[in-house]
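K.L.:
sequence plus predicted model, see below.
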Amino acid sequence: MILHLDMDAFFASVEQRDRPELRGQCVIVGGSSQRGVVTTASYEARRYGVRSAMPMFEARRRCPHGIVVPGRMHRYKAISQRVMGRLKAFTPLVEKVSIDEAYMDISGCERLHGPPARMGRAIKKAILEEVRLTCSIGIAPVRFLAKIASDFHKPDGMTIITPEQVMPFIDRLPIQKVPGVGPKALTTLNKMGIHTLGQIRHQRPETLDRRMGKFGARLMTLAHGLDETPVNPSGKAKSFSSEGTLARDLCDRDLLRQQILQHAEDVGRQLRRHGAKARTVTLKIKYHDFRQITRSTTLAKPFQSSADLFQAACRLMDDELLRQKIRLIGVGASNLVASRTPAQMDLFSTAASGPGSDWDSVDQALDAINIKFGRDTINRANLKDPSRKS
């Protein structure tokens, strides 16, 4: 049995916990400027249609009496660590997938903690005692159903799907509830007459492949109640990314390249800090009308230099027509492999490390200086803020 735990409106709940005057109020966590976006909204604010990733101006329009508070990531991380620590007291097989959610493999834990329902209640009680926050839990024989179940009775809920209930549950599960089914996939599936996950089983595999690509095979597997994705307690990252909303909408490619370089620097630092190299670079663009696209390319050799990231992301942007101004841009690195190069090197080391070693050495020197003297102590000239004194 797999258990999925999801903290309830986590960031907003932490703010309400720490500031009693916010309890029962419409709390909106995120950037306070009109160009900001909502990170999390309390359940009181959600009743007015406020949701995560919504532009702040729209959240204010829907909930004009809402209280906007800036995020405090250091605080949320500290609370998250306490939550994850309590989970490991129940089973060592805990996979943290984000700051506010985790999977637990609770198979064979009955002797210690009782049946799944009792264990779920014990976990909820332990977290409430530890951090005075509620969570919602889903328990099922397979991973993807556990995640779906945790969302069924929010907040402070628990849903259990027994092995006998799996197929009846799948037969009536709305297809849009399946992880990975976004608006575009939903439109395609609806046009095929598919509205529940169970209806996938009645489709010919070749038809799904033609209409849905590789995701069609994944849907067919899930429709049969199968999901062999294990709970991975190693907690190793599968990708790294950096993105940000621009101060103003841009279409100037030179200015956009400067933004890409800033994010490439950030992602490169993450790769090197974790001793990882990547094969795939992804560029994320959100246009003025909030239409979003992602473009990816896979390089011939694994990399971890910011220069490689920057050049690949710029090539992806150069392939786009950019018919509208851009409000958000980001860079990601995925398809990770372990790096043979140490995460840190001596400040003035000139040791070669294979292809791209010159840039690798520059990056490692920059990292070492910034670690010792503070972030952005030294930076590439392209990122220099003209308003800053030298």
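P.N.:
Sure, I can see it.

K.L.:
C-alpha only now, for contacts and for neighbours.
P.N.:
Fine.

K.L.:
tell me if residue 65 really is in a strand.
P.N.:
No - with DSSP: H, G, I helix; E, B strand; the rest coil as the criterion, residue 65 is located in coil rather than a strand.

K.L.:
and it, how close does it get to residue 18?
P.N.:
20 Å (Cα to Cα, to the nearest Å).

K.L.:
with residue 134 instead?
P.N.:
With distances taken as Cα to Cα, residue 134 is found 14 Å from residue 18.

K.L.:
who has more neighbours, those two?
P.N.:
Taking neighbours as other Cα atoms under 10 Å, residue 134 and residue 18 compare with residue 134 leading, 21 against 11.

K.L.:
buried set for the helix or strand hosting residue 219?
P.N.:
Residue 219 belongs to helix 214-223 when assigned by DSSP states H and E. For helix 214-223, burial by neighbour count (16 or more other Cα atoms under 10 Å) applies to 216, 218-220, 222-223.

K.L.:
how about the nearest residue to residue 152, chain neighbours excluded?
P.N.:
Among residues not flanking residue 152 along the chain, residue 159 sits closest, at 6.8 Å (Cα to Cα, 6 or more residues apart in numbering).

K.L.:
what pLDDT does the one you found get?
P.N.:
If you check residue 159, the pLDDT there is 96.

K.L.:
ok, residue 292 next?
P.N.:
Here the pLDDT value assigned to residue 292 is 87.

K.L.:
from residue 244, how far out is the residue nearest to it when sequence neighbours are not counted?
P.N.:
Nearest residue to residue 292, sequence neighbours excluded (Cα to Cα, 6+ apart): residue 286, at 4.3 Å. Computed as Cα to Cα, the residue 286 to residue 244 distance reads 10 Å.

K.L.:
the more surrounded of those two?
P.N.:
Neighbour comparison, residue 286 and residue 244: the larger count goes to residue 286, with 19 against 14 (by other Cα under 10 Å).

K.L.:
any stretches of the stretch 201-350 of the chain with poor pLDDT?
P.N.:
235, 339-350 (pLDDT under 70).

K.L.:
show me where it has helices.
P.N.:
If DSSP state H, counting those that start in this stretch is used as the criterion, the helices of the stretch 201-350 of the chain fall at 205-212, 214-223, 253-273, 306-318.

K.L.:
need these in TSV (columns: distance to residue 73).
P.N.:
Output for the helices of the stretch 201-350 of the chain, formatted as TSV (distance: least, Cα to Cα, whole Å):
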stretch	distance to residue 73
helix 205-212	38
helix 214-223	34
helix 253-273	17
helix 306-318	25
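
K.L.:
quick one, which of these gets closest to residue 88.
P.N.:
helix 253-273 (25.5 Å; Cα to Cα).

K.L.:
just checking, what packs against the closest one?
P.N.:
Contacts defined by 3 or more Cα pairs under 8 Å, 6 or more residues apart in numbering; DSSP states H and E place helix 253-273 against strand 239-250, helix 306-318, strand 326-338.

K.L.:
the stretch 51-200 of the chain: helices as residue ranges?
P.N.:
Along the stretch 51-200 of the chain, counting by DSSP H, counting those that start in this stretch, helices occupy 56-62, 73-87, 110-113, 116-131, 143-150, 166-172, 183-191.

K.L.:
which strands or helices does the longest one pack on?
P.N.:
Translated: helix 116-131. In this structure, helix 116-131 packs against helix 73-87, strand 135-140, with contacts taken as 3+ Cα pairs under 8 Å, 6+ apart.

K.L.:
swap in 7 Å and give it another go.
P.N.:
Counting by 3 or more Cα pairs under 7 Å, 6 or more residues apart in numbering; DSSP states H and E, the packing neighbours recorded for helix 116-131 are helix 73-87.

K.L.:
for the helix it packs on, packing partners?
P.N.:
helix 116-131.

K.L.:
now the helix it packs on, how far from the chain's geometric center?
P.N.:
Counting by Cα atoms, centre = their mean, to the nearest Å, helix 116-131 is centred 25 Å from the centre of its parent chain.

K.L.:
run through the bridge partners of the residue nearest the centre of the chain.
P.N.:
The structure's the chain has its C-alpha centroid closest to residue 98; by Cα atoms, centre = their mean the separation is 6.6 Å. With DSSP bridges applied, residue 98 shows beta-bridge pairing to residue 101.

K.L.:
from residue 77, how far out is it?
P.N.:
The value you get for residue 98 to residue 77, if Cα to Cα is used, is 10 Å.

K.L.:
please name the residues that touch the residue nearest to residue 152.
P.N.:
137-139, 149-150, 152-153 (Cα atoms under 7 Å, 6 or more residues apart in numbering).

K.L.:
of those, select the buried ones using a PyMOL command.
P.N.:
Applying 16+ other Cα under 10 Å to those, the buried members can be selected in PyMOL as follows:
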select buried, resi 137+138+139+149+150
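
K.L.:
isn't residue 161 right up against residue 139?
P.N.:
Yes - between residue 161 and residue 139 a contact is recorded at 6.1 Å, counting by Cα atoms under 7 Å.

K.L.:
this completes my enquiry, with thanks.
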